[in-house]
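A.B. asks: Okay, predicted coordinates and the sequence, questions at the end:
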Amino acid sequence: MTAQNSQNSAARTLVRKVFDAGVAAADPARAVTEALGRRPVGAGPGGRLVIVAIGKAALGMARAAMQACGRAEVLAVTNYENAADLPGAVVMAAGHPVPDTQGEAAARAVESLLQSLGAGDRVLALISGGGSALLPAPVAGLSLDDKAMVNRLLLGSGASITEMNLVRQQLSRLKGGGFLRAAAPAEVTALILSDVIGDDLRVIASGPTVAPIGTRAEAAATLRDRGLWDKVPEVVRAHLSAEAPEAPEPEALPGADNRLVGSNGLSVGAMAEAAARAGQAAQVVDTPLDGDVAEAAALLGALGPGLWLLGGETTVVLRGTGRGGRNQELALRVALIAEEGGWPEGWVFLSGGTDGRDGPTDAAGGLVDAGTLGRIRAAGLDPRALLDENDSYAALEAAGDLLMTGATGTNVADLQVLFRP
């Protein structure tokens, strides 16, 4: 191994270790255990305690809650990749990021359980990212196919998570406080693991236990702004155009004790601590890495030498027919910027989803270096052409630079690590 290759290998090992520390800091079981240790939750005299866990971190959160709370009825809904047996709980798996019939069945099961509760009962809601797609409950007049089509269009439009969930809330019975209405008059406590930059509780999993983001009219305006109004099903346009009262103010909803127990910012902080333990001073970029992936790549390209740590969630506008995700595309774009900018050898960049899945692929993201583009070209592929086709997966696969973690059981959006000597 040459000295340059050895240096590059060490840098790749470092950025992966730092990223893994960020994922570990989002451990849902630890977050729940600490939250319930500070303020326990239990059923009242003669009442039932029901635990409903929703999202990619549902099983880890439910397991910890069951240990902390003791006897309870437990229903957990998670994505297929994270599904597993959990003794003492009913576990239902569903599709993500596009909702499916299993998710619709899970939503009915959640509604049925909540509607069976009375004034002396207590609900512990455990909410994490992914809940929007995993629990589709179409409003009257809409079908699951209608919701799935809207979801696919939004995913490919470059819409932010706030815009997506504003629309989703207006098409669902459980989102935007619908969970609270179904559970009333039972008391609800929610422990929330945030996958949303800024930690707006209305946006995380489409806010089942908080007020909605906006109104039907605002949801319709979002679809128009994204050029999707004429593409969504007619019944969706009719629903969003119907006369309806403004979204209720928070006080109009049944009350809930909502607690944030984990976030992207906490994971970025954990990455900085891991870098320090490795003897590396790191610089944290306080501004979230969000918005269009091309703009995010340009921001990264402007950073100078050092170890840089970031968190956020970018968006991608689909123009091609390839496979990939926002993290893979960001990694490929940074590799191209590095080549064009003549970066010195030894740089390494990692962008990955903390949930272990980037877009509709089995990769968490990408881990690229100065040799990435050469390896792609040696395989007979053109990295720029693949990028234009939104085919970052094929490009990084050819380079051996896909970031593969498997399902992590948590989700606090994305993390990035850039090392420039």
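C.D. replies: Arrived safely. Numbers count the residues shown, from 1 in each chain.

A.B. asks: mind checking how far A242 is from S172?
C.D. replies: 15 Å (CB to CB, to the nearest Å). No exception for glycine: its C-beta is placed from N, CA and C like everyone else's.

A.B. asks: Please say which of these two ends up with more neighbours.
C.D. replies: A direct count of neighbours by other CB atoms under 10 Å for A242 and S172 places S172 higher, at 24 against 9.

A.B. asks: Just give the closest residue to the more buried one, not the sequence neighbours.
C.D. replies: Counting by CB to CB, 6 or more residues apart in numbering, S172 lies nearest to A137, which is 5.2 Å off, once chain neighbours are set aside.

A.B. asks: Just give me the neighbour total for the one you found.
C.D. replies: By other CB under 10 Å, the residues close to A137 number 24.

A.B. asks: who touches it in this structure?
C.D. replies: Counting by CB atoms under 8 Å, 6 or more residues apart in numbering, A137 touches 104, 107-108, 111, 172-175, 178.

A.B. asks: Out of the residues you listed, name the ones that lie in strands.
C.D. replies: Among those, none falls in strands (DSSP state E).

A.B. asks: any idea which of these is the one closest to R12?
C.D. replies: Closest approach to R12 among the contacts of A137 (CB to CB): K175, at 40.5 Å.

A.B. asks: Give me the neighbour count for that closest one.
C.D. replies: K175 has 27 nearby residues by other CB under 10 Å.

A.B. asks: can you give me the helices in the stretch 151-300 of the chain?
C.D. replies: Taking DSSP state H, counting those that start in this stretch, the helices of the stretch 151-300 of the chain run over residues 161-170, 178-183, 216-225, 234-241, 264-277, 293-301.

A.B. asks: Can I get these in TSV including distance to F19 and mean pLDDT?
C.D. replies: Output for the helices of the stretch 151-300 of the chain, formatted as TSV (distance: least, CB to CB, whole Å; pLDDT from 0 to 100):
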stretch	distance to F19	mean pLDDT
helix 161-170	21	94
helix 178-183	33	96
helix 216-225	33	96
helix 234-241	39	95
helix 264-277	7	96
helix 293-301	15	97
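
A.B. asks: so where's the longest helix in this protein?
C.D. replies: helix 3-25 (DSSP state H).

A.B. asks: residues making contact with that one?
C.D. replies: 1, 262, 266-271, 273-275, 278, 280, 282, 307, 309, 311, 345-350, 352, 354, 367, 369-371, 405, 408, 410, 415, 417-419, 421.

A.B. asks: Mind doing that once more with 7 Å?
C.D. replies: 266-268, 270-271, 274-275, 278, 280, 345-346, 348, 350, 352, 354, 367, 369, 408, 410, 415, 417, 419 (CB atoms under 7 Å, 6 or more residues apart in numbering).

A.B. asks: do stretch 302-314 as well
C.D. replies: Stretch 302-314 is contacted by residues 161, 197, 264-265, 267-268, 271-272, 275, 280, 282-285, 288-293, 296, 326, 330, 413-421 when judged by CB under 7 Å, 6+ apart.

A.B. asks: In ChimeraX, select just the buried ones from those residues.
C.D. replies: Buried residues among those (16 or more other CB atoms under 10 Å), as a ChimeraX selection:
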select :161,197,264,265,267,268,271,272,275,280,282,285,288,289,290,293,296,326,330,413,414,415,416,417,418,419,420
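
A.B. asks: Please state the offset of the lengthiest strand in the chain from the chain centre?
C.D. replies: Longest strand in the chain, counting residues (DSSP E): strand 306-315. How far strand 306-315 lies from its chain's middle: 15 Å, per CA atoms, centre = their mean, to the nearest Å.

A.B. asks: repeat for stretch 212-219
C.D. replies: The answer for stretch 212-219 is 21 Å, by CA atoms, centre = their mean.

A.B. asks: Pull out the buried positions in that stretch.
C.D. replies: 212-216, 218-219.

A.B. asks: circling back: roughly how far apart are the residue nearest to S172 and E104?
C.D. replies: Following CB to CB, the distance that separates A137 from E104 is 7 Å.

A.B. asks: continuing past the helix or strand bottoming out on mean pLDDT in the chain, what's the next helix or strand?
C.D. replies: The least trusted helix or strand in the chain, going by mean pLDDT, DSSP states H and E, turns out to be helix 3-25, with a mean of 87. Per DSSP states H and E, helix 3-25 leads on to helix 28-38 as the next helix or strand towards the C-terminus.

A.B. asks: Who are the packing partners of that next one?
C.D. replies: Counting contacts by 3 or more CB pairs under 7 Å, 6 or more residues apart in numbering; DSSP states H and E, helix 28-38 is packed against helix 58-69, strand 187-193, strand 257-262.

A.B. asks: So in that sheet, which strands flank the second one, and in what orientation?
C.D. replies: Looking at strand 187-193 with DSSP bridges, its paired strands and their directions are strand 122-127 (parallel), strand 257-262 (parallel).

A.B. asks: now the last one: how far from the chain's centre is it?
C.D. replies: Its chain's C-alpha centre and that of strand 257-262 lie 16 Å apart, by CA atoms, centre = their mean.
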